[in-house]
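In: what's the 3D shape of this:
(chains A, B and C)
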Amino acid sequence: MAMTFKLPALILAALIVFVLAEALYFLSKDHGDKDKTRVARALSVRVSLALILFLLLITGAFFGFIHPHGI
Amino acid sequence: MSQTPSNYFLPDPSPWPIVAVASVFSILFGAALAVNGLFPGGIFIVLGFALFSYLLFSWFGDVVRENMAGLYNERVDSSFRQGMIWFITSEVFFFLTFFGALWYLRNVSADWLTGKGYLAGTHEVLYNQFFSVWPRTGPGLKEEFTPMKAWGVPAFNTIVLLTSGATITWAHWGLKAENRKLLIRGLIATIFLGLLFVTLQAWEYQEAYQQLNLTLKSGVYGSTFYILTGFHGMHVTVGAIMLAAILGRSFKGHFTPENHFAFEAVAWYWHFVDVVWLGLFIFVYML
Amino acid sequence: MNHATIAHAHEGGHHGVPHGWRRWLFSTNHKDIGTMYLVVSLIMLFLGGGMAMLIRAELFMPGIQLLQPDVYNNLVTNHALIMVFGAVMPAAAGMANWMIPLMIGAPDMALPRMNNMSFWFLVAAALMLVISMVVPFLPGGGTPVNTGWTLYPPLSVQVGMSMDFLIFTVHLLGISSILASINIIVTILNCRAPGMGLMDMPIFCWSWLVTAFLLIVILPPFAGAVTMLLFDRHFGTSFFNAAGGGDPQLFQHLFWFFGHPEVYVLLLPSMGILGHIIPTFARKPLFGYQSTVGAMLAVGTIGLAVWAHHQYTTGLSLAAVTYFMIGTIVISIPVGLLVFNYIATMWRGAMTFETPMLFAIGIILMFSFGGLTGVMLATIPGDIQYHDSYFVVAHFHYALIPGALLGLYAGVFYWLPKWTGNMYDERLGKIFFWMVIIGFNLTFFPQHFLGLAGMPRRIIDYNPMFTEFNMISSIGSFIFGAAHLVFLYVIVKTVRGGARAGDQVWEGAKGLEWTLPSPPPFHTFTTPPQIKLAQSEA
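Out: The predicted model follows:
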């Protein structure tokens, strides 16, 4: 697997975990107050990042940067 | 909530904790009998699960009633929210155990079995025909199997779960905007996608057993594949059940933009399960 | 719904005390649940202690006298499991339940119903453990669990169905401890009285905060490991089977990732108790509160990363064992810091020597000795010599009996007057102390020599040349065992009556718990007390 491909994938994965953890932290801090939307916002970011990561994986496989086993 | 009590809520004595213990004990006792092929095992398991479901309704019913009666102040709310963080911490370490086992079996134990370093002599004598290329079994298992392909059901399942992450977020924003219709639609879509995921997963297992000869007995690949995807599938199922409970409460109009811990907790849990799946997709199916 | 009443902090409960069996089975009261924990732990202590007596009686002479080898190995296994999970952890959890809310001015544990659930999961686990011990005696019950508490495969894959019950025992214990830990952490972080910062907290709360965090991190891997074991046993997976590409070493790693921090789980609450007893009887504040807290945090975090020193002789790479050796020896620094802090607290103090203080001093001396043999065992070349010998048995009993068990005894004597409202019999307490000290050292000190001379552990028979030391050891253990009859008598006597204890049981004791009557009313601090001055200064 090419490093130029691997690195962004790793960074994305780490960001996803970080944003998810952040959402949990906000969940406990904000008490679901009406005017506070940090949890929902963080989770939205989480979904978007996951989508980007998935697209990246597909492109990677399509252009032959990664070779999933069993193919 | 019109007015929050200043005192920390102390519940009256409750039968549910001990009922919970009895039901779990019954399930595990039954399981211990069942794995040894002893007769009453299944009955204990079924009874345990029945008791457990009854218990969930009763205990959470109590909690919901107390919450709706406005007995919980800010601090009680904090206790629930912080408790959630530590529960999730234990969940994270539970999944890390199996990911760690996968890593260990693919790398460290591969080194041992292929005779790296001072083990070269042992390898020569014991397993000199064995080379480690993942996916693999071990030196003592000769049965052939085909590994699960990443581009097929797994990739489609990734899309399903990702979409469900989007729909639950949609519901979340709907709740925040006091748009109950959006909340309910989002929840229904999420539950549907969750069930679709579980169904596809079950179909994939069947396919693996019948077409690919990929079973629990297929060495370390089969072992790690099934234990990781299996525990994840269990979590998706539990998540879907919790979402269904949340949906029921949304119909009753329990959630307001300022009091919806149950929703937030379940939504977050769903995102967590989704991220675990991403990890599975990368480490189990692709790499 | 009877929540809304406002009660004065020191007044009795507005709920009224529930009566009959419901009070205990359905309890949501931290004091009642704490009491139940302590009672169960006492029962388990006698069960595990009885097993130890059987083991030592068997080892009194070479040859096979009383027991079958399989039964002997089963006793060795269950003695360890019962003492660790049944006696020490529940006792520490019981004290946490009783004391943490009183110390931080909380009305109860943060999640009272879950608190009760943790306790009953423990009882369920004990029941499951007893089933696993009984099953082999039934027709078709298979072999007893004879693996030792480490449950290493491949032996644990071959054991009969009692192993399955033991696996589910571990699951139940895991649920119990994780729920209890969540509750303790949330109580400490969320329910402190206004004005009490984290660094004003009594040291016992700090010790439990670290302990509870450790438990949440280490129990899921253990549960996962035994789950894999269950799959290997019944569903044909190959996690720990080299033929299928697995590795028995994987289990050892997972087990010790749990098992080593578990030592600190047993140790830290007792160290926390000493952090109260020594300042009380030296009539001086704790020397270096911050460094004690720091030492506990350091023990907890470094303790998570040194597990493989239990696996030196399994063929790990040199780089790996070297790392684990250095890490292990590094831990002696924060542990030393704890010990030095306690010694410095006594320096020039106005000391008196009531039973809890006697225990505290005994612990510091004997636990330090266990720590020294620990450093010996941590060095790789030394360990290759000592591994699996009685030297190891002597070492961990010197670490765990003073480090964990005696600390809890000290806690019992220190807080029993607060719990019951009655003073214990000081003379009997001292008799108990001296019997314990003499019996314990007589039991385990000779085992160092036996180990160095090459006597292996976990085997029913031994070479006749080891007879004398084994006899001494067995006699010591009988004294140690008999001491506990005195212990039981003191407890029962104190519970039933005795000189009345005032609020301030010990003249030098500081903290919120001593502002309450003895015994405290059913509900305490329903209105949070205001903390004016930092506790750390007190």
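In: What is the helix or strand that residue B:111 is a member of packed up against?
Out: Using DSSP states H and E, residue B:111 sits within helix B:108-113. Packing contacts for helix B:108-113, counted by 3 or more C-beta pairs under 8 Å, 6 or more residues apart in numbering or on different chains; DSSP states H and E, involve helix C:248-282. Backbone N, C-alpha and C define where each C-beta goes, glycine included.
In: mean confidence score for the helix it packs on?
Out: The average pLDDT for helix C:248-282 rounds to 96.
In: Can you show me the CA trace of the helix holding residue B:111 as CSV?
Out: Output in CSV follows, covering the C-alpha atoms of helix B:108-113 (Å, rounded to 0.1, in the frame of the first residue of the first chain):
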residue,chain,number,x,y,z
VAL,B,108,3.5,-12.0,16.5
SER,B,109,2.2,-15.5,16.4
ALA,B,110,3.0,-15.6,12.7
ASP,B,111,6.6,-14.9,13.6
TRP,B,112,6.6,-17.8,16.1
LEU,B,113,5.0,-20.2,13.7
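In: mind listing what's buried in the following helix or strand past it?
Out: Later in the chain than helix B:108-113, the nearest helix or strand by DSSP H and E is helix B:120-126. Buried residues in helix B:120-126, counted by 16 or more other C-beta atoms under 10 Å in any protein chain shown: residue B:123.
In: Is chain B within reach of the strand or helix carrying residue C:130?
Out: Per DSSP H and E, residue C:130 falls inside helix C:112-134. Yes - contact of helix C:112-134 with chain B (C-beta under 8 Å from any C-beta of the partner chain) involves C:112, C:113, C:114, C:116, C:117, C:120, C:121, C:123, C:124, C:127, C:128, C:131.
In: Could you list the residues of the stretch 301-450 of chain C in contact with chain B?
Out: Counting by C-beta under 8 Å from any C-beta, the residues of the stretch 301-450 of chain C lying close to chain B are C:315, C:317.
In: got any ranges where chain A has weak pLDDT?
Out: Applying pLDDT under 70 to chain A picks out residues A:1-3, A:70-71.
In: Would you tell me which residues of it are close to chain B?
Out: So chain A meets chain B at A:9, A:13, A:16-17, A:20, A:23-25, A:27-28, A:31-34, A:37, A:39-40, A:43-44, A:46-47, A:50-51, A:53-54, A:57-58, A:61, A:66, A:68-71 (C-beta under 8 Å from any C-beta).
In: Narrow the residues you listed to those that are buried.
Out: A:9, A:13, A:16-17, A:20, A:23-24, A:27-28, A:31-32, A:37, A:39-40, A:43-44, A:46-47, A:50, A:53-54, A:57, A:61, A:66, A:68-70.
In: In contact with the residue most central in space within chain A, which residues?
Out: Nearest to the mean C-alpha position of chain A, counting by C-alpha atoms, centre = their mean, stands residue A:16 at 3.2 Å. Residues near residue A:16 by C-beta atoms under 8 Å, 6 or more residues apart in numbering or on different chains: A:46, A:49, A:50, A:53, B:275, B:278.
In: related to what we said a few turns ago, in the helix holding residue B:111, which residues are buried?
Out: Result for helix B:108-113 [16+ other C-beta under 10 Å]: buried residues B:108, B:109, B:110, B:112, B:113.
In: repeat for stretch B:34-47
Out: Quick answer for stretch B:34-47 (16+ other C-beta under 10 Å): B:34, B:35, B:36, B:41, B:44, B:45, B:47.
In: Could you double-check that residue C:467 sits in contact with residue C:63?
Out: No - at 9.9 Å, residue C:467 and residue C:63 do not qualify as touching, with contact defined as C-beta atoms under 8 Å.
In: So between these two, which is more surrounded?
Out: Taking neighbours as other C-beta atoms under 10 Å in any protein chain shown, residue C:467 and residue C:63 compare with residue C:467 leading, 15 against 10.
In: tally of neighbours for the nearest residue to the more buried one once chain neighbours are set aside?
Out: Leaving aside its chain neighbours, residue C:467 sits nearest to residue C:62 (5.8 Å; criterion: C-beta to C-beta, 6 or more residues apart in numbering or on different chains). By other C-beta under 10 Å, 15 other residues sit near residue C:62.
In: Which of the residues of chain A next to chain B fall in helices?
Out: Taking DSSP state H, the ones among these that sit in helices are A:9, A:13, A:16-17, A:20, A:23-25, A:27-28, A:39-40, A:43-44, A:46-47, A:50-51, A:53-54, A:57-58, A:61.
In: Check the gap between residue B:158 and residue A:38 for me.
Out: 27 Å (C-beta to C-beta, to the nearest Å).
In: Kindly calculate the angle that the host helix or strand of residue B:82 makes with helix C:248-282.
Out: Using DSSP H and E, residue B:82 falls within helix B:74-106. Taking axes from the mean of the first three to the mean of the last three C-alpha atoms, to 10 degrees, one finds helix B:74-106 and helix C:248-282 inclined to each other by 140 degrees.
In: is chain B contacted by the helix or strand hosting residue C:223?
Out: Under the criterion of DSSP H and E, residue C:223 resides in helix C:203-234. Yes - Helix C:203-234 reaches chain B (C-beta under 8 Å from any C-beta) through C:216-221, C:223-225, C:227-228, C:230-231, C:233-234.
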